[in-house]
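Enquirer: What shape does this take:
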Amino acid sequence: MKRLVLVLALILMNLGVSFAQGSSTAPGQPFVVEYYYKTKWGHADEFLRLFKKNHYPLLKKEVEMGRMLKVWMDQPRYHNTEDGRWDYRVTIVFKNATVANEPFDEDTLKKQLWPDQETYNREEQRRFEILDAHWDLPVKSVELD
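Expert: All right, here's what the predicted structure looks like:
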C-alpha cells in the first residue's frame, strides 16, 4: 500500500510539472504552486511539527538562495466536507516557472541541514505516513481589468 501511495504521489508530481510547464505564466515572472496536505484524523499537529522541523528549513534555505521568493502556510479556519478537506496549504512563489521545473539537487542541502540522515529520513517517512492525501496545484493570477 505504501508503495502504491508513493507511486501515485510521483505520478501526481510529474503531472503537476507538466501542467506547470504548460501554464501561461509569462517568462521570468514569479511562478506560484500551492501544496495541499490532508492528514489522517488526529495527526495534523504531528504533521505540522515534522513539517516545521524537517521541511520548512529546506524551503527557507531555497528562499535564501533566491530559487524561491516566498513560502507560507495556511490552514482552514473551519471544517469542510471530508472529500474537500485539507489541513494545510503551503504556497511557494518560485522565481519563475523555469526554476520551479528544472532539476534541483535538494539532497546536498538536506545532508547539510540534517547530518543525521537516518533520523531525518525516518521522520520524513512518518510525515508522509500520516497523510491521507497530498496534491500540488500550480496557480496563475487572472487579470480582471
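
Enquirer: Strands of this structure, start to end?
Expert: Using DSSP state E, the strands of the chain run over residues 31-39, 68-74, 88-94, 131-139.

Enquirer: Distance to residue 82, mean pLDDT and mean neighbour count added to these, as TSV?
Expert: (C-beta placed from N, C-alpha, C; glycine too.) Output for the strands of the chain, formatted as TSV (distance: least, CB to CB, whole Å; pLDDT from 0 to 100; neighbours: other CB atoms under 10 Å):
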stretch	distance to residue 82	mean pLDDT	mean neighbour count
strand 31-39	9	98	20
strand 68-74	19	98	15
strand 88-94	16	98	18
strand 131-139	9	96	16
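
Enquirer: Which one of these lies nearest to residue 111?
Expert: Closest to residue 111 of the strands of the chain, according to CB to CB: strand 68-74, at 19.5 Å.

Enquirer: if I pick the residue sitting nearest the centre point of the chain, what's in contact with it?
Expert: In the chain, the residue lying closest to the centroid (CA atoms, centre = their mean) is residue 35, at 4.4 Å. Listed by CB atoms under 8 Å, 6 or more residues apart in numbering, the contact set of residue 35 reads 89, 90, 91, 92, 134, 135, 136, 137.

Enquirer: That's all I had, so thanks and see you.
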